[in-house]
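K.L.:
mind looking at a prediction? Sequence and model below.
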Amino acid sequence: MAAPIIEGVPTGIAAFVAPAPQGPQGTPVAISSVLDFERNFGSAAAAGSLGFAVRLFFENGGTAAYVVRVPESAPPAVADYGDPTAGTGIYCLDAVEILSLLCLPAVAGNPGISAVLPLAAAYCEGRRALLLADLPASGSVADAQTWMATTGAGLRSRNVAAYYPGLIVPGTGGGQAAVSCAGAVAGVFARFDRERGAWHAPAGTGARIAGAIGLTHDLSDSDATLLTALGLNCLRHFPGTGHVIWGDRTMMGADGSADEYKYVPVRRMALFLEQSIREGTRWAVFEPNGPPLWGLLASAATAFLQGLFGQRAFAGSTPAESFFARCDATTTSEADRQAGIANLVVGFAPAQPAEFVILAIPLLIQP
């Protein structure tokens with residue numbers, strides 16, 4: 001048989017989990033516009049942090065999202081964000097097949113529930129998604145440093161990227177509001193994915209943020225250098241350009257870090273490859289686990305990677321310099337074979353300068 005074609009999974013799909021005054025609770029609701037949101041949850045203007053985040057997501061290029069409404073309580077409680085055993089809150093996103101980005105827009109404004117963030121980070125690790133964490137909108141540069149040393153210390157995950165400062169947007173009645181930047185950042189991610197690919201850094205002068213009239217703090221060059229060195233991604237304002245995302249690091253991206261996933265596009269590329277290959281090789285589960293199957297798996301992965309090479313997704317001027325895929329007796333032991341596992345090993349040279357990143361993808365095969 002010929003190796004079935006592997007297709008890239010969608011990226012840029014965001015989930016928003018936050019309280020709202022009305023609407024379905026305990027289930028992920030698919031939306032493709034602000035109008036969709038308002039049909040299900042009422043006025044975006046009345047939905048507080050959640051409404052602002054969703055609006056900014058679509059204004060910045062987002063096209064597909066899920067919204068999970070969690071209970072409102074005073075004061076807000078970590079338990080509002082769900083119970084994994086009951087499948088509520090964050091965990092009801094298990095019903096969503098593909099998830100790329102997770103935003104918790106109400107958490108930044110309620111530091112008392114910051115313990116939700118490590119739970120969300122762990123969930124994203126299991127779902128091959130990225131948590132977009134943001135800091136309290138009113139915090140100073142010194143507060144941001146403190147946050148990175150305290151709350152951020154519990155978020156040192158390859159699947160988390162943190163952003164600062166918050167955004168100032170038009171509020172109700174002609175006023176202004178300081179809000180979470182996570183929705184806008186997610187929208188820029190989705191736009192870059194669609195226009196350039198998930199392997200491009202969603203940062204720089206092209207990563208302009210729409211819908212904001214200001215930042216809660218205008219950072220100087222020295223401020224940005226200081227915070228970037230900690231692994232925090234800054235939002236900046238430049239005359240003639242506007243508000244932009246000016247950083248592309250995961251929470252493993254502090255200066256001096258040797259982690260292979262210190263940069264957002266490298267991590268997202270690895271997640272995209274792993275998810276796409278897993279989804280595109282489900283056909284193999286009932287095939288005999290031996291060399292003929294291994295050859296098909298390697299061929300399918302190689303063809304997929306070759307297509308991405310043609311899109312300039314990797315560094316290197318030739319395929320051999322850019323990627324490899326291997327599944328054979330050197331990757332899959334006899335014990336693996338008897339356990340129903342075929343180990344597909346994929347390597348790629350990130351478009352951003354770095355050494356090869358190696359992915360070991362164990363695929364379950366019927367013993």
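P.N.:
Sure, I can see it.
K.L.:
hey, let's count contacts and neighbours off CA atoms from now on
P.N.:
Fine.
K.L.:
where does the nearest residue to Ala178 once chain neighbours are set aside sit: helix, strand or coil?
P.N.:
If you skip the residues right next to it in sequence, Ala178 has Ile168 as its closest partner in space, 4.5 Å away by CA to CA, 6 or more residues apart in numbering. Following DSSP: H, G, I helix; E, B strand; the rest coil, Ile168 is assigned to strand.
K.L.:
show me the contacts for Ile168.
P.N.:
With contact taken as CA atoms under 8 Å, 6 or more residues apart in numbering, Ile168 is in contact with Gln176, Ala177, Ala178, Val179, Ala212, Ile213, Gly214, Leu215, Thr216.
K.L.:
ditto for Pro170
P.N.:
So, once contact is read as CA under 8 Å, 6+ apart, Pro170 ends up touching Gln176, Ala177, Ala212, Ile213.
K.L.:
can you count the residues close to the last one?
P.N.:
Burial of Ile213, expressed as a neighbour count using other CA atoms under 10 Å, amounts to 15.
K.L.:
need the contact list for it.
P.N.:
Counting by CA under 8 Å, 6+ apart, Ile213 makes contact with Leu167, Ile168, Val169, Pro170.
K.L.:
next one: the third one
P.N.:
When the contact criterion is CA under 8 Å, 6+ apart, the partners of Ala212 are Leu167, Ile168, Val169, Pro170, His243.
K.L.:
any idea how far it lies from Asn60?
P.N.:
According to CA to CA, to the nearest Å, Ala212 and Asn60 sit 10 Å apart.
K.L.:
go on, the last one?
P.N.:
Taking CA to CA as the measure, Ile213 and Asn60 are separated by 14 Å.
K.L.:
before we move on, the earlier item: would a markdown table of the contacts of Ile168 with distance to Ser257 be doable?
P.N.:
Shown next, in a markdown table, are the contacts of Ile168 (distance: CA to CA, whole Å):
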| residue | distance to Ser257 |
| --- | --- |
| Gln176 | 39 |
| Ala177 | 36 |
| Ala178 | 32 |
| Val179 | 31 |
| Ala212 | 33 |
| Ile213 | 35 |
| Gly214 | 32 |
| Leu215 | 29 |
| Thr216 | 29 |
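K.L.:
which one of those is nearest to Val29?
P.N.:
Using CA to CA, Val179 is the member of those that sits closest to Val29, with 22.6 Å.
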